[in-house]
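# Next one to model:
(one chain, ligands or ions: 2)
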Amino acid sequence: MYGLKTESSFDASHFLTDYHGKCENLHGHRWRVVAYLEVEHLQEEGTCKDMVVDFGEFKAELRALTERLDHHFIVEEGSLAPDTLTCLEREGFALFIVPFRTTAENLAKWFFDALAERGLPVAQVEVYETPNNCAYYREQR
Ligand SMILES: Nc1nc2c(c(=O)[nH]1)N=C([C@H](O)[C@H](O)COP(=O)(O)OP(=O)(O)OP(=O)(O)O)CN2
Ligand SMILES: [Zn+2]
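Numbers count the residues shown, from 1 in each chain. Ligands and ions are numbered 1, 2, ... in the order given. Coordinates of the predicted model:
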């Protein structure tokens, strides 16, 4: 098995719905996303011969995803009244609406699926909310 690893970070705000504690309030993180690719065999020809994929492509794809979230308010769909969303947008706040509770676990899966959709052989994605706390998502092969 061969593998690559890269990482990218973004600053964003969120809150957890139905959470009974401080995380039910709006707060921010510098989220750190670490992604792993794995293949059985390296590419056999072309400019990517003997590579999993080009590091440049891998880091650019992950960076493009973290850029989509950077300095956004990540909002679980349905967790705020439509009027609230309208007001926030009118004030110029950048919202990123997702169809899931904004846990690190769900964000790890969101990054995993997005990298897989781009054709990368993603094996695992880790999302750190704090330097010590990380959730990860991987799929059985
Ligand atoms: N399994 C998960 N648990 C929690 C998640 C999560 O995504 N997955 N998220 C949160 C909150 O988002 C919260 O921001 C993190 O809370 P906490 O661990 O308390 O982080 P702090 O940096 O505030 O830690 P302190 O030690 O209190 O400074 C909660 N749980
Ligand atoms: Zn949080």
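# Hmm, Asp54 and Leu37 touching each other?
No - using C-beta atoms under 8 Å, Leu37 makes no contact with Asp54, being 11.1 Å away. In short, each C-beta sits where N, CA and C put it, glycine included.
# Compare these two (neighbour count), which wins?
More crowded of Leu37 and Asp54, by other C-beta atoms under 10 Å: Leu37, with 18 against 13.
# Just confirm the more buried one is within a helix.
No - secondary structure of Leu37 (DSSP: H, G, I helix; E, B strand; the rest coil): strand, not part of a helix.
# Next one: it from ligand 1, what distance?
24 Å (C-beta to the nearest ligand atom, to the nearest Å).
# give the contact list for that residue.
By C-beta atoms under 8 Å, 6 or more residues apart in numbering, the contact set of Leu37 is Gly3, Leu4, Lys5, Val52, Val53, Phe58, Leu120, Pro121, Val122, Ala123.
# Now with 10 Å, please.
2-6, 52-53, 58, 115, 120-124 (C-beta atoms under 10 Å, 6 or more residues apart in numbering).
# Is it bridged to anything, and to what?
Leu37 forms beta bridges with Leu4, Val122, as assigned by DSSP bridges.
# Quickly find the element holding Ala60.
helix 55-69 (DSSP states H and E).
# now the strands: where do they sit in the chain?
2-14, 27-39, 72-76, 95-98, 122-130, 133-138 (DSSP state E).
# Check what contacts the third one and list those residues.
By C-beta under 10 Å, 6+ apart, the surrounding residues in contact with strand 72-76 are 10-18, 26, 28-29, 31, 80, 84-85, 88, 93-103, 106-107, 110.
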